[in-house]
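**Q** Output the structure for:
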Amino acid sequence: MGARRRANLLLSAILVPLGILTVIGMILLWPSGDRSNVTIANPYATADGVSIDTGEVERISLEDCPSSQPTVDAGGVAQQCQVAYTLPDAGGAAVPVEVSPELARANAVEPGDRIRFLNLEGVIQGGSAPYIFMDFVRTIPMIWLAVLYAVVVVAVARWRGLRAMIGLVGALIVLAQFILPGLVEGKPPLLLALVGSVVIMIGVLYFAHGFSARTSTALLGTLFGLSITALLAAWATESIYLFGVGDENAYALVNASGDVSISGIIMCGLIISGLGVLNDVTITQSSAVWELYELAPNTSARRLFAGAMRIGRDHIASTVYTIAFAYAGAALPLLILVSLYERTVLENLTSGELAEEVVRTLVGSIGLVLAIPATTLIAVLVVKAVGITRQTGHDDGGQRPAALAAESAAVQPASGNPPADTRSARRDRSG
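**A** Next up is the predicted model:
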């Protein structure tokens with residue numbers, strides 16, 4: 001009990017001050033909510049007489065484009081385009097909605113689809129098309145997909161899965177209410193990302209996995225990996241010149257406010273993008289150490305660390321692939337476009353279009369890889385103090401010798417020689 005108390009006090013002595021500093025930092029960095037210095041046009045705003053309507057597509061027709069009417073009136077030839085005759089939700093007859101050429105080539109719009117379109121009938125007088133396709137209505141299928149996700153998670157992980165989803169909602173709130181407004185107001189991006197990430201990790205880990213030495217160990221490993229990722233992100237952003245060149249969204253943000261730093265936003269994104277995978281490996285590695293120890297409580301710290309790191313190395317390999325393929329899948333259209341350029345592979349990978357994705361993969365992977373041995377070491381030190389140590393001779397709960405022998409065999413070295421503490425335990429039982 002004394003060792004247990006000392007270990008918990010040690011964890012608390014490290015995590016409680018970090019938590020207090022995080023709360024203080026969050027208070028100091030909390031955004032004011034004043035957006036008077038931001039001037040950006042809402043792409044969904046409409047002019048007087050223009051409305052955004054919704055409806056269901058009744059039929060698709062290939063005919064003269066309504067927008068070609070001025071050309072026809074001038075004696076020219078009308079262009080052909082796809083027109084979706086749509087029944088408005090507000091009622092009335094079907095209206096001809098002109099579909100963009102990109103969607104028409106992909107045959108994306110079909111009868112039965114629900115779409116959102118611009119109604120220009122109040123401002124167009126014999127000129128262009130009065131109804132223009134804007135977007136699909138995706139509400140119902142996305143809700144069903146979210147419900148299916150929640151059902152699957154709760155069915156498999158039960159209450160822990162439910163708590164994890166609630167923690168995810170809390171993390172999104174921190175992102176939306178603290179990190180994003182802070183970046184818009186020009187708060188220090190490195191501090192903003194670190195404070196916000198620590199708050200997210202503390203909330204997600206303890207809420208999903210409960211307050212325990214195991215969770216605290218995973219949190220310490222996560223914070224270590226997060227610190228490494230933050231340092232690398234700060235260095236890489238400046239050294240590799242990540243300024244969002246060529247990104248139209250970056251130009252829109254720069255023109256919207258003079259306080260917005262695109263390089264700061266990229267650096268913040270490098271830190272946040274690795275949180276999920278980092279959390280995954282640290283909690284898994286911490287749990288692996290605990291499980292190995294419970295199977296063979298008499299294992300030495302060195303053997304326990306070596307056994308857990310064998311698991312960690314497999315996790316490193318698979319997770320690095322996960323990060324690389326996740327980013328490649330998200331940027332697949334960009335990868336296809338860049339591959340069509342007449343440049344070498346090295347030029348493509350170091351170009352402004354792909355450099356950010358490559359750096360994100362490398363920075364996140366380095367922080368992840370270094371977090372695994374750090375988490376394993378911390379977990380071994382803690383588990384030896386707070387784990388269940390089985391007493392030999394009289395306090396083994398009547399466990400059968402065969403079961404005890406199996407536990408000892410589980411941690412034997414490859415050479416077949418058991419560690420010294422295991423041999424000692426066997427001598428005690430045989431005596």
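
**Q** any idea how far stretch 263-275 is from the chain center?
**A** On the basis of CA atoms, centre = their mean, to the nearest Å, stretch 263-275 sits 11 Å off its chain's mean C-alpha point.

**Q** average pLDDT for it?
**A** For stretch 263-275, the mean pLDDT works out to 86.

**Q** Other residues contacting that stretch?
**A** 175, 179, 183, 188-190, 192-194, 196-197, 200-201, 225-226, 229-230, 232-234, 236-238, 242-244, 250, 253, 323, 356, 359-360, 363-364, 367-368 (CB atoms under 8 Å, 6 or more residues apart in numbering). C-beta: built from backbone N, CA, C; applies to glycine.

**Q** cool, and stretch 248-258?
**A** Outside stretch 248-258, the residues that touch it by CB under 8 Å, 6+ apart are 37-40, 184, 186, 243-244, 260, 262, 265.

**Q** Apply 6 Å and report the result again.
**A** 37-38, 40, 244, 260, 262 (CB atoms under 6 Å, 6 or more residues apart in numbering).

**Q** Give the PyMOL command for selecting the buried subset of the contacts of stretch 263-275.
**A** Here is the PyMOL command that picks out the buried ones among the contacts of stretch 263-275, judged by 16 or more other CB atoms under 10 Å:
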select buried, resi 179+183+189+190+192+193+194+196+197+200+201+225+226+229+230+232+233+234+236+237+242+243+244+250+253+323+356+359+360+363+364+367+368
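
**Q** Please enumerate the strands of the chain.
**A** With DSSP state E as the criterion, the chain has strands at 51-64, 80-88, 95-98, 114-119, 131-136.

**Q** The first one: which residues count as buried?
**A** Of the residues in strand 51-64, 53-57, 60 count as buried by neighbour count, 16+ other CB under 10 Å.

**Q** Which strands border it, and is each parallel or antiparallel?
**A** Strand 51-64 pairs in its sheet with strand 80-88 (antiparallel), strand 114-119 (antiparallel), by DSSP bridges.

**Q** Could you provide those in CSV, with additional columns for mean neighbour count and mean pLDDT?
**A** What follows is the strands paired with strand 51-64, written out as CSV (neighbours: other CB atoms under 10 Å; pLDDT from 0 to 100):
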stretch, mean neighbour count, mean pLDDT
strand 80-88, 20, 89
strand 114-119, 19, 89
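
**Q** Save the ones you listed as CSV, and put in distance to Asp280 too.
**A** Formatted as CSV, the strands paired with strand 51-64 follow (distance: least, CB to CB, whole Å):
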stretch, distance to Asp280
strand 80-88, 44
strand 114-119, 37
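
**Q** Quick one: closest of those strands to Ala150.
**A** Ala150 lies closest to strand 114-119 among the strands paired with strand 51-64, at 23.4 Å (CB to CB).

**Q** Render the CA-only coordinates of the closest one in CSV, please.
**A** What follows is strand 114-119, C-alpha atoms only, in CSV (Å, rounded to 0.1, in the frame of the first residue of the first chain):
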residue,chain,number,x,y,z
ARG,A,114,-32.5,16.0,-53.0
ILE,A,115,-30.6,19.1,-54.0
ARG,A,116,-30.1,22.7,-53.0
PHE,A,117,-30.3,25.4,-55.8
LEU,A,118,-30.1,29.1,-56.3
ASN,A,119,-33.4,30.7,-57.2
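
**Q** can you list the residues that contact that strand?
**A** Under the contact criterion CB under 6 Å, 6+ apart, strand 114-119 has outside partners 51, 53-54, 56, 97, 131-137.

**Q** 7 Å instead?
**A** 50-57, 84, 86, 97, 109, 131-137 (CB atoms under 7 Å, 6 or more residues apart in numbering).

**Q** ok, the residue lying closest to Ile262 once chain neighbours are set aside to Ala250 distance?
**A** Of all residues not flanking Ile262 in the chain, Gly244 sits nearest, at 4.1 Å (CB to CB, 6 or more residues apart in numbering). Gly244 sits 3 Å away from Ala250, going by CB to CB, to the nearest Å.

**Q** Thank you kindly, that will do.
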